[in-house]
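Chemist: pasting the structure only:
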């Protein structure tokens, strides 16, 4: 089996992401008392205002599940994450030509699977250039679309028509459910301006850029090496396609996963106990950057889900790309590689182990290949179980002579990678 190549990120600290965030929030409550209460209330109202209700656009029998009191305890969750290319009210050159796109396009799509025991999180990227079936979708005005076969990222544009985010995410959700066989429990949508706001709130992000990048179309002009990117530079790095790597969408997915990992590291490097405004700024930027399903708009429910993940090991956070291969007739398009893609989706649907041979990048930034399952024990008799009447010694193979040590010098080890940011 051949799976898409993943990209390992640079070193990150060992403590789990949710654990540190929870510790920071609890410390804030202790240190700031009523101030924390007022911030909590302000953030709760802001989250509520960003909710999108698509219940009227969902086929009968597929009603969006509301978050129960137990916060999904005991069952797995699938959360759809969609990054969109919307140039309405975004006339600055950093976003590209607003006249180039007449509809909202889906730029990045991921499915985050949270296991029922809350011990693993698997984030699967779906290539935007994937050729797949787009189902009939319902617009906000009640009209419906025809089914067709096309690029995966066209689903959002089909539902949105022009600038209707609710219709766009509803059609993307339906397409993902048809493609994967999974039930999507919740969703979030982030746009270009929101992404830059989040990076700005962090004060920039340290990243080890793999190669020189010079691409006017993505406004990406970077030198190779470890450096701190500002919001515009980070955004250009996330968007660039033809000016970096092999020019494919798959290469860009790897860079986006690396950047997300770097943003997590940057967040965790902050001392939010002493830098309280930085925490509030980041949380407000993150919330204002997102539109989400109604069952994620309750900050109490969000906190409950976070609490359930507090003990997750970073090695159990996994970033993977849906198995795919180039289309036979168009090298700019990809198709699902079977049976590998179906094996991945079935593993998530059953909340089981990932298929052997699959490559992913874990939360430590390490590239991991899922090992083959252990071989079944041999049924051949052991020396002590030799057939009756036969000497067990006769069934024991002679011991091999020890292999003499090689005299050739061992190759020099590769130099250890330099940390990014540089350690001081």
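Modeler: The structure has been received and is ready for your questions. The model shown is predicted, which means the values in this text are computed figures rather than measured ones.
Chemist: Three-state assignment for residue 56, please.
Modeler: Residue 56 carries the three-state label helix when classified by DSSP: H, G, I helix; E, B strand; the rest coil.
Chemist: give me the number of residues near it?
Modeler: For residue 56, the neighbour count with other CB atoms under 10 Å is 10. (Each C-beta comes from the backbone N, C-alpha and C, glycine too.)
Chemist: Quick check: the gap between it and residue 318.
Modeler: For residue 56, the distance to residue 318 (CB to CB, to the nearest Å) stands at 35 Å.
Chemist: same thing with residue 420?
Modeler: Residue 420 sits at a distance of 22 Å from residue 318 (criterion: CB to CB).
Chemist: Report the contact partners of residue 165.
Modeler: By CB atoms under 8 Å, 6 or more residues apart in numbering, the residues touching residue 165 are 52, 84, 86, 104, 189, 291.
Chemist: State the distance from it to residue 189.
Modeler: From residue 165 across to residue 189, the span is 6 Å (CB to CB).
Chemist: Identify the contacts common to those two.
Modeler: 52, 84, 291.
Chemist: for the first one, phi and psi?
Modeler: Taking degrees, to the nearest 10, you get phi -120, psi 130 for the backbone angles of residue 52.
Chemist: count of neighbours near it?
Modeler: The burial count for residue 52: 19, using other CB under 10 Å.
Chemist: I figured it was touching residue 168, is that so?
Modeler: No - between residue 52 and residue 168 there is no contact under CB atoms under 8 Å: 10.0 Å.
Chemist: Now list whatever residues contact both of those two.
Modeler: Counting by CB under 8 Å, 6+ apart, the shared contacts of residue 52 and residue 168 are residue 189.
Chemist: and residue 191, bridged to which residues?
Modeler: In this entry, residue 191 is beta-bridged to residue 84, by DSSP bridges.
Chemist: what's residue 118 in contact with, if anything?
Modeler: Contacts of residue 118 by CB under 8 Å, 6+ apart are 308-309, 311-312.
Chemist: if you set the cut-off to 7 Å instead, what comes out?
Modeler: Residues counted as contacts of residue 118 (CB atoms under 7 Å, 6 or more residues apart in numbering) are 308-309, 312.
Chemist: Quick one: the shared contacts of residue 165 and residue 189 as TSV, columns for pLDDT too.
Modeler: Listed next are the shared contacts of residue 165 and residue 189 as TSV, based on pLDDT from 0 to 100:
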residue	pLDDT
52	82
84	81
291	81
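Chemist: got a list of what the closest residue in space to residue 249 that isn't next to it in sequence touches?
Modeler: Using CB to CB, 6 or more residues apart in numbering and skipping the chain neighbours, the partner closest in space to residue 249 is residue 129 (4.7 Å). Residues near residue 129 by CB under 7 Å, 6+ apart: 151, 249, 332-334.
Chemist: Keep only those of the residues you listed that are in helices.
Modeler: Residues of the contacts of residue 129 located in helices (DSSP state H): residue 249.
Chemist: what's the closest of the contacts of residue 129 to residue 173?
Modeler: Checking the contacts of residue 129 against residue 173 with CB to CB, the nearest one is residue 151 at 16.8 Å.
Chemist: Tell me how many other residues surround the closest one.
Modeler: Residue 151 - counted by other CB under 10 Å - has 20 other residues nearby.
Chemist: All further residue positions should be reported with the first residue as 567.
Modeler: Yep, numbering from 567; the last one is residue 717 now.
Chemist: what's the distance between it and residue 708?
Modeler: Per CB to CB, residue 717 is found 26 Å from residue 708.
Chemist: List the buried residues of stretch 921-939.
Modeler: Judged by neighbour count using 16 or more other CB atoms under 10 Å, the buried positions of stretch 921-939 are 921, 924-931, 934, 936.
Chemist: actually stretch 765-773, sorry about that
Modeler: 765-769, 771-773.
Chemist: start to end distance for that stretch?
Modeler: 12 Å (CA to CA, to the nearest Å).
Chemist: can you check stretch 705-720 too?
Modeler: With CA to CA, one end of stretch 705-720 sits 14 Å from the other.
Chemist: which residues touch it?
Modeler: Outside stretch 705-720, the residues that touch it by CB under 7 Å, 6+ apart are 623, 671-672, 692-704, 724-725, 727, 730, 732-733, 741.
Chemist: now do 6 Å
Modeler: For stretch 705-720, the surrounding residues in contact (CB atoms under 6 Å, 6 or more residues apart in numbering) are 671-672, 694-696, 698-704, 724, 730, 732-733.
Chemist: Mind checking which of those residues land in strands?
Modeler: Applying DSSP state E to those, the entries found in strands are 671-672, 698-700.
Chemist: Kindly reformat these as a markdown table containing pLDDT and distance to residue 850.
Modeler: Output for those, formatted as a markdown table (pLDDT from 0 to 100; distance: CB to CB, whole Å):
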| residue | pLDDT | distance to residue 850 |
| --- | --- | --- |
| 671 | 69 | 27 |
| 672 | 73 | 25 |
| 698 | 97 | 36 |
| 699 | 98 | 39 |
| 700 | 97 | 35 |
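Chemist: and which of those is nearest to residue 785?
Modeler: Out of these, the member with the shortest distance to residue 785 (by CB to CB) is residue 671, at 17.3 Å.
Chemist: List the buried residues of stretch 813-831.
Modeler: 814-831.
Chemist: Have a look at this structure and report the helix or strand with the lowest mean pLDDT.
Modeler: When the helices and strands of the chain are compared on mean pLDDT, DSSP states H and E, helix 583-598 comes out lowest with a mean of 43.
Chemist: how about the helices in this protein?
Modeler: So, for the chain - with DSSP H - the helices run 583-598, 600-615, 720-726, 731-746, 758-768, 797-805, 815-835, 842-855, 865-874, 906-915.
Chemist: For the stretch 567-716 of the chain, which residues score under the pLDDT cut-off?
Modeler: For the stretch 567-716 of the chain, residues meeting the criterion pLDDT under 70 lie at 567-614, 626-637, 651-669, 671.
Chemist: 50 - rerun?
Modeler: Residue ranges of the stretch 567-716 of the chain with pLDDT under 50: 568, 570-571, 573-584, 586-604, 633-636, 654-659, 661, 664-665.
Chemist: same thing with the stretch 817-966 of the chain?
Modeler: Scanning the stretch 817-966 of the chain for pLDDT under 50 picks out the ranges 952, 958-959.
Chemist: and if we set it to 70?
Modeler: For the stretch 817-966 of the chain, the stretches flagged by pLDDT under 70 are 830-831, 833-842, 844-846, 849, 851-853, 855, 864-870, 872-873, 876, 943-966.
Chemist: could you list every residue that touches residue 765?
Modeler: So residue 765 contacts 771, 797, 800 (CB under 6 Å, 6+ apart).
Chemist: Can you tell me which of those lies closest to residue 760?
Modeler: Nearest member of these to residue 760, counting by CB to CB, is residue 797, at 10.8 Å.
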